[in-house]
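Student: coords below, sequence missing:
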Ligand code: SF4
Ligand code: SF4
């Protein structure tokens, strides 16, 4: 069922967008990093507003203030320049941010690509800049596909956007249609048997060229991903040449087009069994992850703080790590649910081979990983997408994914 | 949240107290499912409890004594071995209890009580720990010990009918004691189907009740602790070989009495030992069928309870069987190209 703990009932996944912290005083300071060597346009003590440009340069080089307040420090290190902004709680937008002058029907693809570039919009899943992506695909595309299923059940935001931000999503799609020259758009969402997709369907029906396609168990199954096969099946092969976009990029381009505010916030999931209030929140880019922990509250000793989801994310690297456009979630796990690799032997239960969706036979790769030579039989290692399910189910706590990676390196 | 002095650790003060977190790189995935070896073994123990209860009901308290000696000794030897060899104790995974239970349940009620202790030593120390512990052994420890002790068991004990209860827990039953209990009991001249199903025939203490063994098998399959392939293939081939002669008018009562229980019990509890059986489903079917065929062949030719030998023999073949099927699968993929193509299509596409 959507919205409850559907993958692992020890960890509940929050079901709706609960808080917008981009305004107000919840976030104390943000830390924004500009590329090293780039001239910074502000100095300590300067007042800044949301969306104000902080560093020289156009398109991808530019960084923007994600809060209104005062610059407290500008630190130059050999990796980047860090600009810290203290929140004044007012949430005032930079006066230079203004809606795009033309109406959408009069805009050209170049206009949209320009907006996307100036706003610094990126695809969350891949980190690719939207304006580059649009430039790469703008000719001969028949349709665009919006992937509202996301990568896995621990990352509910794409699904929530389809359910709760339907209007902005459809508006963003209209803009992308202009930018790509496509004629139709498909939104692939989880199944709407709970009627939560009704609003989106109604809006899509009104827009005419947008169709909502429901993938059964789309939100609950793992590993799941929008695949070519899925698209062809759901669209009954009418998608033609298509391009896939994330729903976040649609919202961002709509915001940039309608208000001129660049991409300065990010919606993410804060969850895990250590968290008192698991929630999906929208925060300014540059918010320190530890502030998120403070807002959500902890009820147990954390053993792993994960940036991303518990299956494919990465461990948090240090206390100053901040929210970037690629931060889809923060999960805080206690010892009870954490994976701890144990040196014990494999009992050959075969659960890893049963669960693998890609036909890999991890049980034999585990044995192979001990050898230092290229394997004779690969047992499907080359098909492994590192989804993590085999390690998840292994009763012996063997770090199967790590071993497969080692074998893959030798292939 | 404040950052404490050390750069690698951080203290967090939220509502209820402070937590320290040390930044480290962990490998993916970060979350672990609830499966554990202990959980799987616990399932097997649960499945065996009714079998043990029935054995006590049918054979008297001595049955419980045998099972208790066998499983307690297994745990004891495992503890001692781990202590002596300075290994981390593996008692908590309960695998020793399971192999002790299985070994005990394959004995007749009249064995001397030192025999289950000897079997526990052989299975835990010799056939499990000396091979490197759980996961490293090539042959199922309990059945290997049972096979080696086969002559001793046949010499030192007699198979008795269920319902003939031995309540003495004397270390060794004297011939007279056995004779007097047997003398006071009148077994039916011929067993009916219902006797086989409920377990009212004769045999070793755990290997008589067909219905309890099938119930245990269903439980284990539903819990996904064992897959259905091995028990189905093993019991299926065995039963076929028992019943085919009946079609030609042979009397199969002897085969049923001697083989049915042990075939089913070991098909469900011993042949399914994951460590020593194949992983690939097709391999499991072949392996299970192999166990059934060898066991029946041994019975038909030598009149012995063949499962104790069939399972260890097939254990030795389980890896080659797996390898064979993996090679066949690989060939199919590269030649036909069909399935492989499917797989590539199934992979995640992020962009075009
Ligand atoms: S799941 Fe773990 S224990 Fe089971 S076969 Fe795979 S590696 Fe071995
Ligand atoms: S990590 Fe690789 S081997 Fe493991 S389940 Fe996923 S695809 Fe299969």
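Tutor: Cool, got the structure. Computed from a predicted structure; not experimentally measured. Ligands and ions are numbered 1, 2, ... in the order given.
Student: Could you report the pLDDT at the residue of the stretch 51-200 of chain A found nearest chain B?
Tutor: Distances between the stretch 51-200 of chain A and chain B by C-beta to the nearest C-beta are smallest at residue A:126, namely 5.4 Å. The way it works is simple: take the backbone N, C-alpha and C, and place the C-beta from them, glycine included. Looking at residue A:126, its pLDDT is 83.
Student: Around ligand 1, pick out the residues from the stretch 201-350 of chain A.
Tutor: Residues of the stretch 201-350 of chain A that fall close to ligand 1, judged by C-beta under 6 Å from any ligand atom: A:346, A:347, A:348, A:349, A:350.
Student: Measure how buried the residue of the stretch 51-200 of chain A closest to chain B is and give me the count.
Tutor: By other C-beta atoms under 10 Å in any protein chain shown, the residues close to residue A:126 number 13.
Student: hang on, it in a helix?
Tutor: No - secondary structure of residue A:126, determined by DSSP: H, G, I helix; E, B strand; the rest coil: coil, with no helix assignment.
Student: Return the distance of it relative to residue A:156.
Tutor: To residue A:156, residue A:126 is 19 Å away according to C-beta to C-beta, to the nearest Å.
Student: give me the beta-bridge partners of residue A:266?
Tutor: Taking DSSP bridges as the rule, residue A:266 bridges to residue A:283.
Student: Can you name the residues that contact it?
Tutor: Residue A:266 makes contacts with A:124, A:282, A:283, A:284, A:285, A:323, A:324, A:325, A:327, as judged by C-beta atoms under 8 Å, 6 or more residues apart in numbering or on different chains.
Student: isn't the third one right next to residue A:325, touching?
Tutor: Same thing as residue A:283. No - between residue A:283 and residue A:325 there is no contact under C-beta atoms under 8 Å: 11.8 Å.
Student: With residue B:23 as the reference, measure out to the one residue in the stretch 251-352 of chain B that gets nearest to ligand 1.
Tutor: Nearest to ligand 1 in the stretch 251-352 of chain B, going by C-beta to the nearest ligand atom, is residue B:279, at a distance of 6.4 Å. As judged by C-beta to C-beta, residue B:279 and residue B:23 stand 38 Å apart.
Student: circling back: residue A:283 and residue A:325: which is more packed in?
Tutor: When residue A:283 and residue A:325 are compared for neighbours, residue A:283 comes out ahead with 28 against 20, by other C-beta under 10 Å.
Student: Okay, now the unreliable bits of chain A?
Tutor: Scanning chain A for pLDDT under 70 picks out the ranges A:1-6, A:59-60, A:138, A:374.
Student: can I see the domain layout of it?
Tutor: The record assigns chain A these domain ranges, following automatic domain parsing: A:29-87, A:104-259, A:264-333, A:351-410.
Student: quick one: the third one near ligand 2?
Tutor: No - counting by C-beta under 6 Å from any ligand atom, ligand 2 has no neighbours in domain A:264-333; the shortest distance is 9.0 Å.
Student: follow-up on the earlier one: so between residue B:279 and residue B:23, which is more surrounded?
Tutor: Using other C-beta under 10 Å as the criterion, residue B:279 and residue B:23 rank with residue B:279 on top: 26 against 15.
Student: tell me the contacts of the nearest residue in space to that one that is not next to it in sequence?
Tutor: Distances taken as C-beta to C-beta, 6 or more residues apart in numbering or on different chains place residue A:350 nearest to residue B:279, at 4.0 Å, with adjacent residues excluded. Residues near residue A:350 by C-beta under 8 Å, 6+ apart: A:363, B:227, B:274, B:279, B:280.
Student: export these to TSV and tack on distance to residue A:212 and secondary structure?
Tutor: Formatted as TSV, the contacts of residue A:350 follow (distance: C-beta to C-beta, whole Å; DSSP: H, G, I helix; E, B strand; the rest coil):
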residue	distance to residue A:212	secondary structure
A:363	41	helix
B:227	39	coil
B:274	45	helix
B:279	42	coil
B:280	41	coil
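Student: Contact residues of the stretch 1-150 of chain A facing chain B?
Tutor: By the rule C-beta under 8 Å from any C-beta of the partner chain, the part of the stretch 1-150 of chain A lying against chain B is A:8, A:10, A:11, A:123, A:125, A:126, A:128, A:133, A:137.
Student: Just the closest of those to ligand 1, please.
Tutor: Closest approach between the residues of the stretch 1-150 of chain A next to chain B and ligand 1, by C-beta to the nearest ligand atom: residue A:8, at 16.5 Å.
Student: what about the closest one, how many neighbours?
Tutor: Neighbour count of residue A:8, defined by other C-beta under 10 Å: 20.
Student: Just say helix, strand or coil for it.
Tutor: Here residue A:8 is coil, with the state taken from three-state DSSP.
Student: pretty sure it is in contact with residue B:31, am I right?
Tutor: Yes - the pair residue A:8 and residue B:31 passes the contact test of C-beta under 8 Å, sitting 6.7 Å apart.
Student: Who are the contact partners of the residue in the stretch 1-150 of chain B positioned nearest to ligand 2?
Tutor: The minimum distance from the stretch 1-150 of chain B to ligand 2, using C-beta to the nearest ligand atom, falls at residue B:29 (8.2 Å). Residues in contact with residue B:29 (C-beta under 8 Å, 6+ apart) are A:310, A:311, A:312, A:339, A:388, A:389, A:391, A:392, A:401.
Student: List, out of those, those positioned next to chain B.
Tutor: Answer for the contacts of residue B:29 near chain B (C-beta under 8 Å from any C-beta): A:310, A:311, A:312, A:339, A:388, A:389, A:391, A:392, A:401.
Student: of those residues, closest to ligand 2?
Tutor: Nearest to ligand 2 among the ones next to chain B among the contacts of residue B:29 is residue A:389, at 4.0 Å by C-beta to the nearest ligand atom.
Student: Give me the distance between that closest one and residue A:225.
Tutor: According to C-beta to C-beta, residue A:389 stands 13 Å off from residue A:225.
Student: One more: residue B:36?
Tutor: For residue B:36 relative to residue A:225 (C-beta to C-beta), the value is 29 Å.
Student: So the two - more neighbours on which side?
Tutor: The neighbour comparison of residue B:36 against residue A:225 (other C-beta under 10 Å) goes to residue A:225, with 19 against 16.
Student: wait, that one sits on residue A:155?
Tutor: No - the pair residue A:225 and residue A:155 does not pass the contact test of C-beta under 8 Å, sitting 11.4 Å apart.
Student: Going by secondary structure, the nearest residue to residue B:277 once chain neighbours are set aside is in what exactly?
Tutor: Nearest residue to residue B:277, sequence neighbours excluded (C-beta to C-beta, 6+ apart): residue B:318, at 5.2 Å. Per DSSP states H and E, residue B:318 falls inside helix B:307-336.
Student: how about the helices in the stretch 51-200 of chain B?
Tutor: Taking DSSP state H, counting those that start in this stretch as the test, the helices found in the stretch 51-200 of chain B are B:61-84, B:95-105, B:114-121, B:141-148, B:150-156, B:175-183, B:193-198.
Student: of all those, which lies closest to ligand 1?
Tutor: For ligand 1, the closest of the helices of the stretch 51-200 of chain B is helix B:95-105, at 12.6 Å, according to C-beta to the nearest ligand atom.
Student: The closest one - contacts with which helices or strands?
Tutor: Helix B:95-105 sits against helix B:37-59, helix B:61-84, helix B:114-121, helix B:141-148, helix B:261-269, with contacts defined as 3 or more C-beta pairs under 8 Å, 6 or more residues apart in numbering or on different chains; DSSP states H and E.
Student: Please convert the ones you listed to CSV, extending it with mean neighbour count.
Tutor: Formatted as CSV, the helices and strands packed on helix B:95-105 follow (neighbours: other C-beta atoms under 10 Å in any protein chain shown):
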stretch, mean neighbour count
helix B:37-59, 20
helix B:61-84, 21
helix B:114-121, 22
helix B:141-148, 26
helix B:261-269, 28
